[in-house]
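Visitor: Turn this into a model:
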Amino acid sequence: MTQKMTLLVALSMSSLSLATPTGSATAQVKRGEYLVSFGGCHDCHTPKKMGPKGPELDTERLLSGHPEQMPVTPAPALEGPWMAATVATMTAWSGPWGISFTANLTPDRETGLGAWTEQNFLDAMRTGRHMGRGRPILPPMPWQSVGNLSDQDLKAVFAYLRTVPAVKNRVPQPTAPGRLTAAAPAPVR
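Guide: Next comes the predicted model:
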């Protein structure tokens, strides 16, 4: 092999190793996938569509949050024991806190978690604040329970979220209780 060819093969192999997770990184991503699945993250963060047996995950929009093109009307009045209502996609929730929209957890840099660091994610899950320092994370997000996971498990969840297909989907900002102006998309972070 010529020296030039050897260099090309070496560069190809090194770029392949950068794109392919190592054994421990693969195990971490698999653990994160397991935790996301077991923890029910898809229940709220993946829009639903009607299938032959009822609502099912929209697999083209996994973990992309509330669809930006879906308008939200005023929530129904809640009476008696009812505390919350949700839209058909199960991505927007209304209750005493106002209206909350599930976040885009995909690695899209503009509308998802693509610009977040691992530390931003850990801080958000521990403090219940966007990126660990912003607005409160609202119900029904169980950040208090998720925040009890070990650092290792939270890092695994974040590693897995970095591997799902990026979906450009700007989720609206929450709406304060009793107010609904057409849910506007969130500003660029």
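
Visitor: okay, CA-based contacts and neighbour counts for the rest of this
Guide: Fine.

Visitor: which secondary element of the protein has the worst mean pLDDT?
Guide: Within the chain, no helix or strand scores below helix 3-19, which has a mean of 37 by mean pLDDT, DSSP states H and E.

Visitor: Name the next helix or strand downstream of that helix, please.
Guide: Where DSSP states H and E defines the elements, the next helix or strand beyond helix 3-19 is helix 23-38.

Visitor: centre of the chain versus that next one, how much separation?
Guide: On the basis of CA atoms, centre = their mean, to the nearest Å, helix 23-38 sits 15 Å off its chain's mean C-alpha point.

Visitor: packing partners for it?
Guide: Here helix 23-38 touches helix 151-161, going by 3 or more CA pairs under 8 Å, 6 or more residues apart in numbering; DSSP states H and E.

Visitor: List the buried residues in the helix it packs on.
Guide: For helix 151-161, the buried set under the neighbour-count rule, 16 or more other CA atoms under 10 Å, comprises 153, 154, 155, 156, 157, 158, 159, 160, 161.

Visitor: what's around the residue nearest to the third one when sequence neighbours are not counted, how many residues?
Guide: Take residue 155 and drop its neighbours on the chain: the residue closest to it by CA to CA, 6 or more residues apart in numbering is residue 118, 6.7 Å away. Using other CA atoms under 10 Å as the criterion, residue 118 is surrounded by 17 other residues.

Visitor: any idea how far residue 118 lies from residue 132?
Guide: Taking CA to CA, to the nearest Å as the measure, residue 118 falls 11 Å from residue 132.

Visitor: for residue 72, same thing?
Guide: Distance of residue 72 to residue 132, given as CA to CA: 27 Å.

Visitor: for residue 158, same thing?
Guide: Residue 158 is 14 Å from residue 132, by CA to CA.

Visitor: Likewise for residue 94?
Guide: Per CA to CA, residue 94 is found 23 Å from residue 132.

Visitor: again with residue 172
Guide: Residue 172 is 19 Å from residue 132, by CA to CA.

Visitor: Compare those two (neighbour count), which wins?
Guide: More crowded of residue 172 and residue 132, by other CA under 10 Å: residue 172, with 26 against 18.

Visitor: these two touch, right, the more buried one and residue 71?
Guide: No. Counting by CA atoms under 8 Å, residue 172 sits too far from residue 71 to count as a contact (9.7 Å).

Visitor: Good, we can wrap up now.
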